[in-house]
Each structure stands twice: as structure tokens, then as C-alpha cells.
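Novice: take this sequence and fold it.
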Amino acid sequence: MIDLTGIPIGEVVKKSGLRHIAFIMDGNGRWATAKGQPREFGHRAGAANFKTIVRYCKKIGIECCTVYAFSTENIKRPKREVEAIMTLLINYIAEAGDERDIEFKFIGDAFGLGENIGKKCAGLEKETEGRPYRLNIALNYGGRAEIVQAVNRLILEKKQSITEEDISSHLYTAGCPEPDLIVRTGNEQRISNFLTWQSTYSEFHFSPKMWPDYTTDDVDFAVRDFAGRGRRWGGV
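Specialist: Numbers count the residues shown, from 1 in each chain. This next block holds a predicted model:
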């Protein structure tokens with residue numbers, strides 16, 4: 001634990017060792033419904049806020065950010081809502097290459113959402129490869145499915161014995177530090193099949209706010225909360 005009194009948030013990030021923050025961006029639809037608007041309205045607001053929060057995390061010195069954009073289960077939602085989310089995604093990809101210093105990585109089965117989306121995601125990854133700040137966008141993603149695909153890849157490589165390191169190196173997030181802090185908005189307290197393998201020693205922070213209302217001040221609060229915890233990784 002560290003004394004956080006009067007320390008700027010960037011210094012808190014550095015002193016706490018926080019390298020990777022992940023967000024379960026929950027509550028867009030409920031936020032819109034509470035305002036008497038269609039759920040798609042909430043997803044538009046959530047997409048705009050996603051840009052703000054991701055840029056802010058980069059600004060305060062976090063190396064890697066992962067966001068849960070669309071799970072493998074979300075495809076069960078009403079067709080109109082899914083189409084609205086896909087439109088937001090395509091529009092974002094079209095402009096995202098201009099995001100300075102951000103390396104984009106889509107984790108999950110983007111091609112499972114259609115060849116057009118898969119190719120656009122792959123193109124953005126190639127265009128931004130090697131930039132210093134990594135943004136993982138979990139798209140058509142499930143944590144269990146990620147582990148299965150890692151194991152299947154190892155089988156294809158004819159591995160006779162599989163270690164934890166083997167699995168970690170074959171996950172979508174290979175090359176990133178495991179998430180130090182996972183934040184979930186929307187007043188829910190569950191992991192929802194997100195970063196199932198990687199979150200073994202993550203700290204969790206739950207916010208009652210719906211994602212469109214989540215602010216940079218809330219990020220600061222979560223970071224300071226993280227920095228004030230004692231992480232022992234099973235030790236004493």
C-alpha cells in the first residue's frame with residue numbers, strides 16, 4: 001500500500017505498478033431505457049465515452065487497456081441492436097487509425113461477425129502494429145472460447161504436454177501483461193466470461209454508474225482504490 005495523499009494520478013499509476021486496465025462497459029442499454037430512448041441510443045453514447053476513457057488511460061501512463069465491446073453471447077440480442085453496434089464499430093475502425101500512438105488488437109472471433117468486419121479489424125491491426133499503447137477490443141469474445149482456441153492451436157502444433165506458459169502465449173492477449181485492474185460499470189458484480197484465464201490475480205472494481213455516465217474522475221477513483229490495496233499473489 002502507498003500513501004496517495006496529494007499525489008497526481010499519473011504518479012499513482014507509476015507507483016502502484018498499474019500497467020493494464022480492463023473495462024466491462026456495462027449499462028448502455030439500461031441507461032438509454034431509463035431516459036425513454038431506444039437501446040441503440042445508449043450504445044452511441046457508450047461508444048463516445050469509450051473513446052474518452054481510452055484516451056485518458058493512455059494520458060495517465062497506463063500501458064495497455066482492454067475493453068469488452070461485444071461478447072459471444074451478445075449476438076442473441078435483438079437484430080436492430082446488434083446492427084447498431086456493428087455500425088458503430090465500422091465507423092470507429094474507419095477513423096481509429098488516426099489515434100496517435102495506439103496499437104489496436106481485436107481479441108475474439110471478429111471474422112465470426114462477417115468477412116467485412118473481420119477484414120476491417122485485421123487491416124487496423126496491421127496499420128497500427130508496433131505503436132506504444134495497446135488497446136485490446138474484445139469483439140465476439142468469450143473467455144472460455146479463448147482458452148479452447150489456445151489449446152486447439154497447441155494440439156495442432158503437436159504439443160504432448162501443455163504448460164501454463166504455453167496457454168498464455170497462445171491467448172489473444174499474448175504480449176500484454178495480465179490485467180492488474182478490471183473495472184465493471186452498470187451496478188453488476190460478475191466477470192461475464194471476460195479474460196477468464198488472465199484475471200486470476202486481477203483486482204476488481206465495481207461501479208454503480210452506467211457506462212455512458214462513467215467519467216475520467218471515476219477512472220481516477222478506481223486507480224487510487226487499486227493503489228491502496230495490498231497485492232500478495234498468494235503470499236503474506
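
Novice: so which residue is dead centre in the chain?
Specialist: The residue at the geometric middle of the chain, judged as the C-alpha nearest the mean C-alpha position with Cα atoms, centre = their mean, is residue 67 (1.9 Å).

Novice: what's the helix or strand for that one?
Specialist: Using DSSP states H and E, residue 67 sits within strand 64-71.

Novice: helices or strands up against that strand?
Specialist: Contact analysis of strand 64-71 by 3 or more Cβ pairs under 8 Å, 6 or more residues apart in numbering; DSSP states H and E lists strand 20-24, helix 39-59, helix 79-96, strand 133-141 as its packing neighbours. Where C-beta positions appear, they are placed from N, C-alpha and C, glycine not excepted.

Novice: how about CSV for those, with mean pLDDT added?
Specialist: What follows is the helices and strands packed on strand 64-71, written out as CSV (pLDDT from 0 to 100):
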stretch, mean pLDDT
strand 20-24, 98
helix 39-59, 96
helix 79-96, 91
strand 133-141, 96
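
Novice: okay, buried residues for the worst-scoring helix or strand of the chain on mean pLDDT please.
Specialist: Taking mean pLDDT, DSSP states H and E as the measure, helix 79-96 is the helix or strand of the chain with the lowest mean score, a mean of 91. Neighbour counts over helix 79-96 (16 or more other Cβ atoms under 10 Å) mark 81-82, 84-86, 88-89, 92-93, 96 as buried.

Novice: cool, stretch 118-126 as well?
Specialist: With burial defined by 16+ other Cβ under 10 Å, the residues of stretch 118-126 counted as buried are 118, 120-121, 124.

Novice: identify the residues contacting that stretch?
Specialist: Surrounding stretch 118-126, the residues in contact under the criterion Cβ atoms under 8 Å, 6 or more residues apart in numbering are 90, 93-94, 96-97, 104-106, 110-112, 139.

Novice: any stretches of this protein with poor pLDDT?
Specialist: The model of the chain has pLDDT under 70 over residues 1-5, 232-236.

Novice: could you rerun that using 80?
Specialist: Segments of the chain classed as low confidence (criterion: pLDDT under 80) are 1-5, 231-236.

Novice: follow-up on the earlier one: could the buried residues of stretch 118-126 go into TSV alongside distance to residue 230 and secondary structure?
Specialist: Formatted as TSV, the entries for those read as follows, by distance: Cβ to Cβ, whole Å; DSSP: H, G, I helix; E, B strand; the rest coil:
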residue	distance to residue 230	secondary structure
118	43	helix
120	43	helix
121	39	helix
124	39	helix
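
Novice: appreciated, that's everything.
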